[in-house]
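Peer 1: sequence? don't have it. structure:
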């Protein structure tokens, strides 16, 4: 098992060096956070743009399923389980 990396001690840094390190870290973190927010906004706008042409909610769900299925390492086991779950789901609907 890999050992956890011990975080560096800020006690080893000179006050000015610590201040500069923190300033650089916070600036870069803020930039990443801003880029993420821009991407979330662009995604929202894209979904709104196509909402009158396709069922965006269903398309999004279908894409989620495809991503999950693409990440399955044992496809035959996955397929068997999916069939069993679907059978049970359909039976539950019929029995309801």
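Peer 2: Done, it's in. As the structure is a prediction and not an experimental result, all values here were calculated from the model.
Peer 1: Counting neighbours, which bits of the longest helix along the chain end up buried?
Peer 2: What stands out as the longest helix in the chain, according to DSSP state H, is helix 15-50. Buried residues in helix 15-50, counted by 16 or more other Cβ atoms under 10 Å: none are found. All C-beta spots, glycine's among them, are computed from the backbone N, C-alpha and C.
Peer 1: The following helix or strand past that helix packs against which elements?
Peer 2: As assigned by DSSP states H and E, the chain's next helix or strand after helix 15-50 is helix 56-70. Other helices and strands packing on helix 56-70, by 3 or more Cβ pairs under 8 Å, 6 or more residues apart in numbering; DSSP states H and E, are helix 15-50.
Peer 1: In contact with the spatially most distant residue from the centre of the chain, which residues?
Peer 2: In the chain, the residue that sits farthest from the middle, by Cα atoms, centre = their mean, is residue 14; the gap is 38.1 Å. Counting by Cβ atoms under 8 Å, 6 or more residues apart in numbering, residue 14 makes contact with nothing.
Peer 1: domain parsing for this protein?
Peer 2: 15-53, 55-96 (automatic domain parsing).
Peer 1: I'd like the average pLDDT over the shortest one.
Peer 2: Looking back up the chat, that one is domain 15-53. Mean per-residue pLDDT for domain 15-53: 95.
Peer 1: so how far is that domain off the chain centroid?
Peer 2: Here domain 15-53 is found 15 Å from its chain centre; the criterion is Cα atoms, centre = their mean, to the nearest Å.
Peer 1: And stretch 52-63, by the same measure?
Peer 2: Counting by Cα atoms, centre = their mean, stretch 52-63 comes out at 18 Å from the chain centroid.
Peer 1: Outside of that stretch itself, list whatever touches it.
Peer 2: Contacts for stretch 52-63 (Cβ under 8 Å, 6+ apart): 47, 50.
Peer 1: let's see it at 10 Å
Peer 2: Contact partners of stretch 52-63, identified using Cβ atoms under 10 Å, 6 or more residues apart in numbering, comprise 46-51.
Peer 1: ditto for stretch 34-51
Peer 2: By Cβ under 10 Å, 6+ apart, the list of residues contacting stretch 34-51 reads 54, 56-57, 59-60.
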